[in-house]
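A.B. asks: got a predicted structure plus its sequence, pasted below:
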Amino acid sequence: MGSEERSNQKNECVSLSLMREDVPETETICVFGTGDMGRSLGLRLMQAGYGVIFGSRRPQNCQILPSGAQVLSHAEAAQRSHLVFIAVQREHYEFLVPLANQLKGKVLVDLSNNLMKNQYPEANAEYLQSLVPGADVVKGFNTLSAWALQNGPSDANRQVYLCGDRTEAKQEVKAVATKLGFSGLDQGSLSVSRKLEDFPLQLFPLWRLPLRIALGLTASLFFYLLIREVLFSYITEGKDISFRIMVSLANKVCPIVALTMLALCYLPGVFAAFLQLYRGTKYRCFPDWLDRWMLCRKQLGLLSLGFAFLHVLYTLIIPIRYYVRFSLSERTVSQIRENRTNVFDTSLAWHSDSYLAFGIIGFGLYVLLGITSLPSVSDALSWKEFSFVQSKLGHLTLLLCTIHTYLYGGSRFLRSYMYKWYTPPGYMLCLVLPTVVILLKLLLITPCVDRTITRIRQGWERGVDQKNAKEITPLML
Ligand SMILES: NC(=O)C1=CN([C@@H]2O[C@H](COP(=O)(O)OP(=O)(O)OC[C@H]3O[C@@H](n4cnc5c(N)ncnc54)[C@H](OP(=O)(O)O)[C@@H]3O)[C@@H](O)[C@H]2O)C=CC1
Ligand SMILES: [Cu+2]
């Protein structure tokens with residue numbers, strides 16, 4: 001180590017040198033670029049105990065750097081570390097060409113991202129490698145924001161993806177990531193870097209599938225109900241009831257989509273449990289499609305809550321609708337004219353009130369589920385509390401909303417006029433999936449099945465135990 005470096009290290013603040021006790025003095029890392037990313041990375045590296053040397057175009061003019069860090073020219077800084085983070089936008093990479101000699105044999109970490117896909121013909125990291133062929137380029141850390149780097153890892157961004165052509169170089173970068181509290185995941189050679197660069201450009205990746213499902217269900221149900229209700233009336237009775245599209249039809253589509261999506265939230269969990277039962281172990285990966293489905297359950301649930309909320313709003317405005325007010329007064333007037341009176345039907349009152357009560361309690365629990373899925377709330381819950389709310393209350397919500405729908409339908413399914421053009425009414429369609437999920441879940445919580453699944457989740461494996469049992473029996477004899 002040169003005398004200049006030693007004297008510089010003396011200047012570093014006491015707290016940093018204390019934190020750096022467990023790190024060998026030689027572990028100095030160079031960061032090119034003193035912008036947002038460079039500064040945040042530098043600060044985090046220093047907090048983790050590394051010495052940081054910034055390489056800048058104007059080393060004299062950098063005032064807002066983390067205290068204790070040195071700033072040198074690029075050429076000087078490059079000579080002081082084996083590892084160089086390039087925190088500079090790709091369009092300026094050409095400044096590295098004259099530094100090719102100093103960077104020979106070094107590991108260069110490319111942090112860069114682009115503004116859009118296919119912005120450049122080749123990936124930034126590959127471009128960097130072509131400019132400095134004597135160095136080993138590793139792509140990584142680009143999925144983190146400067147803010148995330150400064151504040152350290154959270155559950156959402158604990159993983160840092162890396163790729164590069166030389167294993168030793170990747171291991172070096174991975175070790176730094178580990179020290180910063182992240183876990184580095186090797187994704188392969190440098191040719192994967194375009195994929196890593198595209199990653200932060202994805203908008204709401206976990207919302208895509210649930211949004212597609214919601215849109216698909218809404219569109220197909222809308223047309224189904226349009227044909228069944230509006231078109232049927234028009235063609236068979238010559239009646240134009242197209243005004244119903246605005247509220248009546250919407251208030252049929254919303255609850256159907258809501259209940260179907262709520263069932264879709266709990267279906268993958270049931271599939272997973274049956275798969276584990278069938279395989280007799282929890283140590284085998286789920287198929288890709290099931291993994292992806294499980295990952296977007298929260299989004300499915302929140303979208304479903306949105307549709308349920310719309311259903312509530314549409315239902316609340318029923319009494320102020322012109323059509324409803326008109327029909328009511330019309331009926332009353334004709335009753336008076338014909339001098340007819342209706343007898344109060346207690347069983348009908350019970351039926352209608354229970355249908356509404358199940359809906360209200362179901363919706364209340366639905367909202368509770370939505371609230372507890374917010375990160376700020378779920379962070380305040382223990383794992384046990386969270387799983388109680390999301391699993392037990394979640395299934396109860398599904399059950400209550402399904403009962404609400406069964407009560408809505410009542411005995412109507414027995415009447416032939418409900419099957420217009422031989423098609424079942426919408427409420428019947430939406431009962432299929434929730435009923436299947438509830439029945440399968442009931443099967444899973446029967447004591448004998450539940451016992452097996454609990455054992456599997458505690459690490460018991462069917463084949464392994466049988467083998468052990470065979471080995472143990474003769475010894476015990
Ligand atoms: N900001 C963020 O949250 C994230 C940024 N990144 C990536 O990190 C890199 C840096 O981003 P960020 O810090 O935000 O960018 P900034 O624009 O804030 O800073 C870039 C730094 O590059 C240096 N620089 C600018 N022009 C040139 C040039 N012509 N030649 C040499 N060096 C130059 C400057 O440092 P100096 O004046 O000291 O030379 C400047 O401060 C980018 O590639 C970006 O894609 C990746 C993930 C997140
Ligand atoms: Cu309802």
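C.D. replies: Alright, I've got the coordinates. Fair warning: this is a prediction, and the values are worked out from it, not measured in the lab. Numbers count the residues shown, from 1 in each chain. Ligands and ions are numbered 1, 2, ... in the order given.
A.B. asks: state the mean pLDDT of stretch 140-158.
C.D. replies: The average pLDDT for stretch 140-158 rounds to 80.
A.B. asks: hmm, that stretch touching ligand 1?
C.D. replies: Yes - counting by CB under 6 Å from any ligand atom, ligand 1 is contacted by stretch 140-158 at Asn142, Ser145, Ala146. Every residue, glycine included, has its C-beta placed from N, CA and C.
A.B. asks: which ones among these lie within helices?
C.D. replies: Cross-referencing the residues of stretch 140-158 next to ligand 1 against helices under DSSP state H gives Ala146.
A.B. asks: ChimeraX command for the buried members of the residues of stretch 140-158 next to ligand 1?
C.D. replies: To isolate the buried ones among the residues of stretch 140-158 next to ligand 1 in ChimeraX, judged by 16 or more other CB atoms under 10 Å, type:
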select :142,146
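A.B. asks: model confidence for the most centrally placed residue in the chain, exactly?
C.D. replies: In the chain, the centroid-proximal residue (CA atoms, centre = their mean) is Leu206; its distance is 4.3 Å. As predicted, Leu206 sits at a pLDDT of 80.
A.B. asks: ok, now the one 5 residues further on?
C.D. replies: Note for Leu211: predicted pLDDT of 95.
A.B. asks: and Ser416, by the same measure?
C.D. replies: For Ser416, the model assigns a pLDDT of 72.
A.B. asks: OK, contacts around the closest residue to ligand 1 within the chain?
C.D. replies: Nearest residue of the chain to ligand 1 (CB to the nearest ligand atom) works out as Gly35 at 1.8 Å. Neighbouring residues of Gly35 by CB atoms under 8 Å, 6 or more residues apart in numbering: Ala87, Val88.
A.B. asks: okay, buried residues for the longest helix seen in the chain please.
C.D. replies: The longest helix of the chain (DSSP H) is helix 250-279. Buried residues in helix 250-279, defined by neighbour count with 16+ other CB under 10 Å: 250-273, 276.
A.B. asks: which ones among those also lie next to ligand 2?
C.D. replies: Pro255 (CB under 5 Å from the ion).
A.B. asks: now do the residue lying closest to Leu264 once chain neighbours are set aside against ligand 2, distance only.
C.D. replies: Leaving aside its chain neighbours, Leu264 sits nearest to Leu300 (5.5 Å; criterion: CB to CB, 6 or more residues apart in numbering). Going from Leu300 to ligand 2 by CB to the ion, to the nearest Å gives 19 Å.
A.B. asks: list the buried residues in stretch 191-206.
C.D. replies: Residues Val192, Ser193, Arg194, Leu196, Glu197 are the ones in stretch 191-206 that count as buried (16+ other CB under 10 Å).
A.B. asks: how about stretch 435-454?
C.D. replies: Buried residues in stretch 435-454, counting neighbours by 16+ other CB under 10 Å, are found at Val437, Ile438, Leu440, Lys441, Leu444, Thr452, Ile453.
A.B. asks: correct me if wrong: the last one contacts Leu444.
C.D. replies: Put plainly, it is Ile453. Yes - counting by CB atoms under 8 Å, Leu444 is a contact partner of Ile453 at 6.5 Å.
A.B. asks: who touches both of those two?
C.D. replies: The contact lists of Ile453 and Leu444 share Ala273, where a contact means CB under 8 Å, 6+ apart.
A.B. asks: what helix or strand is the residue in the stretch 301-450 of the chain that ligand 2 sits nearest to on?
C.D. replies: Per CB to the ion, Gly359 is where the stretch 301-450 of the chain lies closest to ligand 2, at 4.5 Å. According to DSSP states H and E, Gly359 maps onto helix 346-372.
A.B. asks: packing partners for the longest helix of the chain?
C.D. replies: Helices and strands touching helix 250-279, as assessed by 3 or more CB pairs under 8 Å, 6 or more residues apart in numbering; DSSP states H and E, comprise helix 208-225, helix 288-295, helix 297-316, helix 394-409, helix 426-444, helix 447-457.
A.B. asks: what's the angle between that helix and helix 208-225?
C.D. replies: Here the directions of helix 250-279 and helix 208-225 differ by 130 degrees (axes from the mean of the first three to the mean of the last three CA atoms, to 10 degrees).
A.B. asks: care to break the chain down by domain?
C.D. replies: Per automatic domain parsing, the domain ranges recorded for the chain read 3-201, 205-320+348-445.
A.B. asks: and the ones you listed, which one is worst for confidence?
C.D. replies: Least confident of those, judged by mean pLDDT, is domain 3-201 with a mean of 85.
A.B. asks: could you pull up the residues touching Glu461?
C.D. replies: Listed by CB under 8 Å, 6+ apart, the contact partners of Glu461 are Gly280, Thr281, Tyr283.
A.B. asks: need phi/psi at it.
C.D. replies: Phi and psi for Glu461, reported as degrees, to the nearest 10, are phi -130, psi 140.
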